[in-house]
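Peer 1: have a look at this fold, sequence not included:
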C-alpha cells in the first residue's frame with residue numbers, strides 16, 4: 001500500500017506542477033498601472049508609490065519618491081525613512097541617522113518610533129553600537145531595560161587594525177525581537193569619560209579620532225554592513241546615517257479569516273467561475289482562495305479587492321489528460337504492487353528456507369528453553385549485517401581462517417563487531433553447529449572472545465563476535481608492532497590469562513570444550529592488552545566423562561566424476577539436460593535450470609526431489625506483462641526522481657557555496673603547503689557512516705558542536721564534528737582554519753581527515769581516538785588502568801611538544817585557546833593527542849597576540865587575558881600549567897578546599913600556588929606519584945608548573961623551554977628508577993648469598 005500511495009502523490013504532484021507553472025510566471029511585482037521602481041529601488045506590492053491609494057495596501061506601505069535627486073530616492077511617507085531596498089520575504093533596508101551625545105551622560109532616541117506600524121526593528125540582522133569609552137550603555141524600550149553593554153578606554157588601541165567593536169573605546173549589543181521604539185542611556189563609568197580630562201579625545205575639545213567637537217555617538221546598524229565597512233571610529237561619525245533592517249507584515253492583527261468561512265470560499269462574480277469546490281488558506285494580513293475545479297487563485301488583503309490569477313488554456317486542457325494519467329497510473333501501480341508483493345514473498349521464502357536449512361528452528365528451540373544463560377545470544381537479520389559491513393566489502397576483511405572469513409562491522413547502536421562468514425556448511429552437521437553456538441553463548445569468561453549472536457537467513461551462517469582492536473599476540477611476539485613491545489610482566493600476565501581461559505573451558509564450563517586450534521594468532525589483545533582466546537570454529541564440546549573426540553579427515557567430490565552435470569532417466573522427474581551439480585559433505589545436489597526441479601543425494605540412498613508448483617510455472621508470462629507495463633510507469637518515476645535529485649543537488653550546491661566550499665577548493669587547488677591530503681566528503685557518506693547521526697553515536701558535546709562516532713566505507717573509525725549554526729560572515733575564517741589545521745603534521749595532534757560542506761552546518765572529520773580523555777584517567781574514572789608517574793611525565797612532554805610545534809614550528813603560529821585535560825585524548829598506545837581546535841586562531845609570524853571577546857573554560861583561563869582581552873602564546877602556557885598541576889595532584893581544575901570547617905571552592909591553580917608558598921606541596925601531590933617518583937623530580941616538576949602559572953605572562957616560559965625541562969625531568973626520573981632497580985637486585989643477591997653461607 002505504501003508504494004501505491006507514493007504513485008498517487010507523484011501523479012498529483014505532476015498535475016499541480018503543470019497547472020501552476022504558467023500562472024506562477026504571471027504574478028506581478030506591483031499592481032496594474034502602478035510604478036514599479038523609484039530610482040534604483042524596486043517597489044513590490046503591498047508597497048506602492050503614491051499618490052494613488054490603489055497602488056499600496058494601506059498608508060504605512062505608501063512610498064514617496066523624491067524626484068529632486070539623481071537618481072530619485074524612495075521614502076516611507078509616514079515613517080520619514082529613506083528606503084534602500086525592499087524584499088518580499090518580509091524585510092526592508094532603510095537609512096537611519098546616527099545619534100550624538102554631548103558631554104557624556106544622556107538619554108537619546110536612536111531610531112524613529114514605529115509603534116502602531118507593521119514594521120519592527122530586526123533583532124536578527126541589526127546590532128546596537130556605541131562609540132565612546134569608559135561608559136555603560138543601557139538600552140530601553142517603553143521604559144523597560146532590554147539590553148546594555150560597556151566600553152573601556154585604551155589610548156594605544158587603534159581601530160584600523162580592524163579588530164572591530166570589542167569593548168575597547170566602543171561596544172556593541174543585540175536587542176530583543178519585535179521592538180518598535182528604542183532609546184539608549186549613556187552613563188559615564190568615571191569622570192574622565194565625561195570630559196573632565198580629555199585623555200582619549202572624547203570629552204570637550206577639538207575634533208579627534210574618537211569624537212566630534214565633544215560628541216560621542218550611538219546608532220542601530222545592519223551587522224553585515226558594519227563588518228564590511230568599518231575601518232576606524234570616525235567612519236560612521238562622518239557618514240551621518242547608516243543602514244538598518246526592518247521586518248514587516250501585511251497586517252497589524254493576525255486574524256484567521258478562513259475560520260469564519262469554514263475554510264471554504266464563494267465568489268459571486270461569474271467571470272471568475274470559481275465554483276463550489278475550493279479551498280481557503282489563511283496567512284498574515286489576508287487569505288487566499290483556490291479553486292480545485294478551475295485552478296483560479298484569488299488573494300485578499302484586508303478589505304481590498306481580490307487579486308486573482310487565471311490558468312492558461314493549456315492548463316485547462318491538461319486537467320482531463322491528468323485524470324486519464326491518474327487512472328492509468330493507479331491500474332499500473334496495482335500491477336506493480338502485485339509484482340513487488342510476489343517478489344518480496346519469494347525473498348521471504350528464500351530466507352525461511354536458509355533459516356530452516358541452517359538449523360534456525362533447532363536454535364530457536366534451544367533459546368526458548370530455560371537452560372543456562374542462552375537468552376543473551378541474538379538472532380540478527382541479514383539486512384542489518386549487510387548494512388554494517390557495506391555488503392561485505394573486501395576492505396572490511398579482518399582476516400581469513402580455515403572455517404571462514406572475518407569482517408569488521410558497525411551495528412546500528414554503534415558497537416564495533418567482528419562478523420565471521422562461514423564456508424559452505426555440511427547440512428548433516430547442522431545440529432552439531434547449532435549445539436556449538438548455544439554452548440559458546442553460555443561461556444562467560446573475561447579472557448574468551450564473546451559471541452553476540454548469529455544470522456541464519458543467508459546461504460551460509462554468519463557469527464557475530466565482539467571486536468578486539470589490538471590484533472593478535474603473534475604480531476607482538478614476532479616484533480611486528482615495534483611501538484609497544486611486550487614487557488616480561490605483560491607476557492607473564494597474558495600467559496596466565498590464556499591458561500585460565502583454557503582451564504575454564506576444560507574443567508569449569510557446563511560441558512568440557514576442546515578448543516583444538518590454540519596458537520598465538522588465535523590469541524587477541526583488547527584495548528587494555530588483556531588476552532582473549534578466539535576462533536572456536538573447530539572446537540568440540542564433550543560429555544564430562546569423555547576423554548577425546550574422533551573426527552573425519554576428508555570428503556569425496558561426487559560432482560567431479562559427473563563433470564558437474566547430472567542426468568536422471570526417470571521421465572516423471574523431467575530433469576532435462578540443462579542442469580547443475582553441487583557437491584557438499586556426504587552427498588551432492590542436482591538442480592534443473594529448465595524446470596526448477598531439485599534432487600538431493602545422500603550416499604547410496606534414493607534421491608529426494610522437490611518439484612515447482614503450477615503457480616510458479618504460470619508466473620513467468622505474467623512477469624513479462626508486468627515488465628512491459630512497468631516500463632511505462634518507470635518513465636514517470638524517472639522524471640520525478642530526476643526533478644527530486646536536481647532539487648537535492650541545488651540545495652547541496654547552495655550549502656556548499658554558503659559554507660565557503662569555493663574558497664576551500666581554491667585553497668586546495670593551490671600548491672601551498674601540504675593541503676592536498678584533506679578530503680571533501682559527501683554528505684551521504686557521512687550520514688551512512690553515523691546512521692543519520694543517531695543519538696547513540698554521540699561521543700560528546702562541546703562549545704563548538706557535537707561529535708559523533710562513525711565508520712567510513714573503507715572501515716576506518718572516525719570522529720565527525722557537527723558544528724553549530726555558522727555565522728556566514730565568519731565562513732572565510734572557518735575555511736582558513738580548516739586549511740591550516742590540515743597542514744599540521746604532528747604525532748601528538750589529532751589529525752583532521754577532511755570536511756563536508758554540503759550540509760546546512762559544516763561537518764569536520766577527525767581520526768578517532770579510542771581511549772577517551774586525559775581528564776578521565778587523572779580523576780580516577782578509569783580504575784582498570786591508572787596512570788603511573790612515568791606515563792604522566794611522558795604525556796606532559798608530548799602535550800608540551802605539540803604546543804611548542806603549534807607556537808614556534810608550524811608555518812603560521814597557532815594559538816590553541818582551549819587547552820584543558822578534557823581536550824587531551826589518549827590513543828590505543830596511551831599517547832597524548834591535542835584536540836578541539838574550534839576556538840583556535842592562526843596569526844602572522846610577527847604578531848604577538850589576538851584581541852577577542854573573552855572565551856575559555858573556568859579554571860584554565862589566563863587571568864591576564866581575562867582582564868585585557870589579549871590572548872598570547874603565554875595564555876596557552878598558563879592553561880598547560882593547570883594541566884601539569886592536574887597530572888601532579890589528580891584533582892579537578894576547580895576543587896573544594898576545607899577552611900574553618902567549611903568547603904570553599906577555588907581554582908586548582910590558586911590552591912596549588914598557595915600550597916607552594918606555604919611549603920605544603922607534598923600534602924596535595926597524588927599518593928601514587930609519591931610512591932613512584934623521586935622527591936627532587938616532583939619538586940622540579942612543581943616549580944615548572946608554578947612558573948607556567950605566573951600572573952605576569954612575560955615571566956612565564958615558552959612552550960619550547962617547557963618541553964626541554966620536561967624531557968630533562970623524564971631522563972632524571974628514568975635514571976632514578978634504574979638505580980632503584982639496581983639496588984633491589986644487589987639486595988636480592990646479598991640475601992641469597994647469606995642463605996647459602
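Peer 2: Arrived safely, thanks for sending. All values reported here derive from a predicted model rather than from experimental measurement.
Peer 1: count of residues packed around residue 440?
Peer 2: Here the number of neighbours of residue 440 (other Cβ atoms under 10 Å) works out to 21. C-beta: built from backbone N, CA, C; applies to glycine.
Peer 1: tell me the secondary structure of it, please.
Peer 2: Under DSSP: H, G, I helix; E, B strand; the rest coil, residue 440 falls in the helix class.
Peer 1: so who does the closest residue to residue 848 other than its chain neighbours touch?
Peer 2: Distances taken as Cβ to Cβ, 6 or more residues apart in numbering put residue 872 closest to residue 848, at 6.0 Å, once the chain neighbours are dropped. Contacts for residue 872 (Cβ atoms under 8 Å, 6 or more residues apart in numbering) come out as 815, 848, 849, 865, 953.
Peer 1: one more: residue 532?
Peer 2: 447, 448, 449, 468, 523, 524, 525, 526.
Peer 1: I'd guess the fourth one is in a helix, am I close?
Peer 2: No. Secondary structure of residue 468 (three-state DSSP): coil, not part of a helix.
Peer 1: how far away is it from residue 416?
Peer 2: 10 Å (Cβ to Cβ, to the nearest Å).
Peer 1: the two - which one has more neighbours?
Peer 2: Legend: neighbour count by other Cβ under 10 Å for residue 468 and residue 416, higher for residue 468 (21 against 18).
Peer 1: mind checking pLDDT for that one?
Peer 2: Looking at residue 468, its pLDDT is 90.
Peer 1: could you double-check that it lies in contact with residue 449?
Peer 2: Yes. Applying Cβ atoms under 8 Å as the test, residue 468 and residue 449 come out as touching, 6.4 Å apart.
Peer 1: now the helix or strand encompassing residue 938: mean pLDDT?
Peer 2: Take DSSP states H and E as the rule and residue 938 turns out to sit in helix 935-948. Here helix 935-948 scores 94 as its mean pLDDT.
Peer 1: now what about it, what contacts it?
Peer 2: Contact partners of helix 935-948, identified using Cβ under 8 Å, 6+ apart, comprise 793, 877-878, 880-881, 884-885, 888, 912-913, 916, 921-922, 925, 929-930, 955-957, 962, 965-966, 969, 972-973, 976.
Peer 1: hmm, back to that, let me have the contacts of residue 872 in JSON lines, extended by pLDDT.
Peer 2: Shown next, in JSON lines, are those (pLDDT from 0 to 100):
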{"residue": "815", "pLDDT": "89"}
{"residue": "848", "pLDDT": "77"}
{"residue": "849", "pLDDT": "78"}
{"residue": "865", "pLDDT": "87"}
{"residue": "953", "pLDDT": "90"}
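Peer 1: circling back to that earlier point, which among the contacts of helix 935-948 count as buried?
Peer 2: 793, 877-878, 880-881, 884-885, 888, 912-913, 916, 921, 925, 929, 956-957, 962, 965-966, 969, 973, 976 (16 or more other Cβ atoms under 10 Å).
Peer 1: in the stretch 151-300 of the chain, where is pLDDT below threshold?
Peer 2: For the stretch 151-300 of the chain, the stretches flagged by pLDDT under 70 are 155-163, 189-215, 251-288, 290-300.
Peer 1: domain parsing for the protein?
Peer 2: The chain breaks down by automatic domain parsing into domains covering 1-25+322-356+623-654, 42-76, 81-248, 358-541, 558-612, 659-768, 771-997.
Peer 1: lowest average confidence across those, which one?
Peer 2: Minimum mean pLDDT among these: domain 558-612, a mean of 60.
Peer 1: for the stretch 101-250 of the chain, what spans make up the helices?
Peer 2: 223-229, 235-239 (DSSP state H, counting those that start in this stretch).
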